[in-house]
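Asker: any chance you can model this:
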Amino acid sequence: MRRIYLDHNASTPINPQVWQAMCAAGEDAYGNPSSAHWAGAPSKDLLESGRQKVASMLGCSPEEVVFTSGGSEANNLALKGVFFTNQSRAVHIVTTQVEHPSILSPCAFLERQGAKVTYLPVDRTGRIDPEDLRRAITPATTLISIMHANNEVGTVQPIAACARIAREHGILIHTDAAQSVGKIPSRVDVLGVDLLSIAGHKLYAPKGVGVLYIRAGTRMEPLIHGAGHERGRRAGTESAVLATALGVACEIGSDLSAMLRIRQLRDDLWSRLRARLGERVVLKGHPEETLPNTLNVSFIGHVGAEVLAAAEGIAASTGSACHSGRVELSPVLRAMGISQEVGVGAVRFSLGRSTTADEIVEVAERVSSVLM
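Answerer: Numbers count the residues shown, from 1 in each chain. All right, here's what the predicted structure looks like:
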């Protein structure tokens with residue numbers, strides 16, 4: 001049975017062009033980029049070339065791009081960096097109930113360090129109301145962190161509107177853009193954010209590399225202390241190979257024309273499932289403000305994990321987990337007010353740039369046959 005990969009929101013395969021660039025870089029970039037001699041020069045050149053390509057995608061200056069080990073580190077640096085820079089005074093952080101664990105867990109940690117955190121609710125589509133943000137702001141509010149697009153249901157948040165509110169109050173705003181870069185426009189000058197996180201392995205680059213965009217003039221305590229790498233903002237000898245990989249991935253991801261085809265395939269999958277299963281399948285997430293590659297549905301009367309297990313060979317994700325014999329919904333689905341009956345049947349299909357039309361037809365037929 002053919003294996004079909006529809007779990008690109010979890011991780012993407014390395015693009016062949018990215019892999020080729022990595023291999024080429026690995027042959028010459030063995031020197032330390034910080035070394036002034038001949039062996040360090042090629043590494044430094046590749047490092048800065050990768051940084052320039054990331055900056056071009058984000059619409060920022062290369063000096064505002066800080067390489068990290070991935071999206072989780074970038075998110076931790078954003079939250080903890082702002083907190084520890086301002087810990088001499090009361091710190092209030094505003095985020096949402098549907099953030100990735102790499103936001104929610106650091107927030108819980110910072111609460112133990114004395115920070116106050118407000119978790120904004122979302123509606124049934126997983127979207128926040130910017131007016132809730134406005135009402136949550138206090139004189140102590142130091143940072144707002146709201147994801148650009150949700151990894152589970154694909155809902156895109158109104159980041160530009162939130163950024164305008166943040167600017168009105170002189171508050172820093174961060175967005176976790178791990179799921180949005182390469183899928184929808186994510187330029188920092190349009191979004192209006194001060195901090196933005198990228199995860200390489202969500203963008204057809206390898207695992208182990210990410211970026212935190214830090215707007216010029218923003219003060220940040222480093223998360224990792226050591227030598228003065230990344231202009232003193234992230235210690236640790238940089239990998240020219242990984243920077244090259246992410247740079248090429250950003251070059252490819254900057255062309256969003258492929259997303260039209262992917263959106264059509266996503267819509268075709270939904271149409272086929274709906275035609276075969278009728279009201280036994282329910283769509284979740286925002287109907288319009290959503291990632292073009294993400295389809296989160298619930299198969300009513302079934303458990304999502306069991307559906308995927310029966311539909312052999314399809315790699316996708318569920319929105320629930322089994323603990324002590326009970327199927328528990330994800331925090332995202334609970335925050336959206338999804339009922340237990342609907343939520344246990346959740347499956348997320350996330351398409352990628354290599355997904356084909358015949359794969360979509362086969363997935364729809366294979367899943368439907370399990371439930372008929």
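
Asker: next, the contact list for the residue nearest to Ser69 when sequence neighbours are not counted, please.
Answerer: Excluding the flanking residues, the one nearest Ser69 by C-beta to C-beta, 6 or more residues apart in numbering is Gly208, at 5.8 Å. Glycine gets a C-beta too; all of them are placed from N, C-alpha and C. Counting by C-beta atoms under 8 Å, 6 or more residues apart in numbering, Gly208 touches 69-70, 200-201, 239, 242.

Asker: next, Gly208: secondary structure please.
Answerer: coil (DSSP: H, G, I helix; E, B strand; the rest coil).

Asker: can you tell me how far it is from Asp7?
Answerer: Gly208 sits 19 Å away from Asp7, going by C-beta to C-beta, to the nearest Å.

Asker: could you do Ile314 as well?
Answerer: Per C-beta to C-beta, Ile314 is found 9 Å from Asp7.

Asker: between those two, which is the more surrounded one?
Answerer: Between Ile314 and Asp7, counting by other C-beta atoms under 10 Å, Ile314 is the more crowded of the two (24 against 17).

Asker: what is the burial count for the residue lying closest to Ser330 once chain neighbours are set aside?
Answerer: Closest residue to Ser330 apart from its sequence neighbours, by C-beta to C-beta, 6+ apart: Gly319 at 4.8 Å. Using other C-beta under 10 Å, Gly319 has 27 neighbouring residues.

Asker: so how far is Gly343 from Gly319?
Answerer: To Gly343, Gly319 is 6 Å away according to C-beta to C-beta.

Asker: residues shared between the contacts of those two?
Answerer: 298, 329-330, 333.

Asker: where do the domain boundaries of the chain fall?
Answerer: 16-253, 257-371 (automatic domain parsing).

Asker: sorry, back to before: and the residue nearest to Ser330, what does it touch?
Answerer: Contacts here follow C-beta under 8 Å, 6+ apart; on that basis Gly319 touches 152, 284, 296, 298, 304, 329-330, 332-333, 343, 346-348.

Asker: so for it, what's the pLDDT?
Answerer: Here the pLDDT value assigned to Gly319 is 74.

Asker: measure it to Ala10 for me?
Answerer: Counting by C-beta to C-beta, the gap from Gly319 to Ala10 is 13 Å.

Asker: cool, Gly126 as well?
Answerer: Distance from Gly126 to Ala10, counting by C-beta to C-beta: 18 Å.

Asker: thinking again about what came up before, mind putting the contacts of Gly319 into CSV with distance to Pro42?
Answerer: Compiled in CSV, the contacts of Gly319 are given as follows (distance: C-beta to C-beta, whole Å):
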residue, distance to Pro42
Glu152, 41
Lys284, 49
Asn296, 45
Ser298, 52
Gly304, 48
Leu329, 50
Ser330, 45
Val332, 44
Leu333, 48
Gly343, 52
Ala346, 48
Val347, 46
Arg348, 42
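
Asker: any of the residues you listed buried? List them.
Answerer: 152, 284, 296, 298, 304, 329-330, 332-333, 343, 346-348 (16 or more other C-beta atoms under 10 Å).

Asker: save these as CSV, and put in pLDDT and distance to Leu172 too.
Answerer: Formatted as CSV, the buried ones among the contacts of Gly319 follow (pLDDT from 0 to 100; distance: C-beta to C-beta, whole Å):
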residue, pLDDT, distance to Leu172
Glu152, 96, 26
Lys284, 96, 31
Asn296, 97, 31
Ser298, 96, 37
Gly304, 94, 38
Leu329, 90, 32
Ser330, 92, 28
Val332, 96, 25
Leu333, 96, 30
Gly343, 94, 34
Ala346, 95, 34
Val347, 96, 37
Arg348, 97, 31
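
Asker: what is the least confident helix or strand in the protein?
Answerer: Lowest by mean pLDDT, DSSP states H and E among the helices and strands of the chain is strand 320-323, with a mean of 56.

Asker: tell me, how many residues neighbour the residue nearest to Lys183 when sequence neighbours are not counted?
Answerer: The shortest distance from Lys183 to any non-neighbouring residue, by C-beta to C-beta, 6+ apart, is to Leu291 (5.4 Å). For Leu291, the neighbour count with other C-beta under 10 Å is 27.

Asker: show the contacting residues for Leu291.
Answerer: Leu291 neighbours (C-beta under 8 Å, 6+ apart): 9, 149, 154, 156, 179-180, 183-184.

Asker: could you find the closest non-adjacent residue to Leu295?
Answerer: Residue nearest to Leu295 in three dimensions, not counting chain neighbours: Phe349, with 4.6 Å by C-beta to C-beta, 6+ apart.

Asker: the helix or strand harbouring the one you found - contacts with which helices or strands?
Answerer: Following DSSP states H and E, the helix or strand that holds Phe349 is strand 346-350. With contacts taken as 3 or more C-beta pairs under 8 Å, 6 or more residues apart in numbering; DSSP states H and E, strand 346-350 sits against strand 294-299, helix 304-310, strand 317-318.

Asker: okay, buried residues for the second one please.
Answerer: Of the residues in helix 304-310, those buried by neighbour count under the rule 16+ other C-beta under 10 Å are 304-308.

Asker: distance to Pro106 added to these, as JSON lines?
Answerer: Shown next, in JSON lines, are the buried residues of helix 304-310 (distance: C-beta to C-beta, whole Å):
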{"residue": "Gly304", "distance to Pro106": "28"}
{"residue": "Ala305", "distance to Pro106": "28"}
{"residue": "Glu306", "distance to Pro106": "34"}
{"residue": "Val307", "distance to Pro106": "33"}
{"residue": "Leu308", "distance to Pro106": "31"}
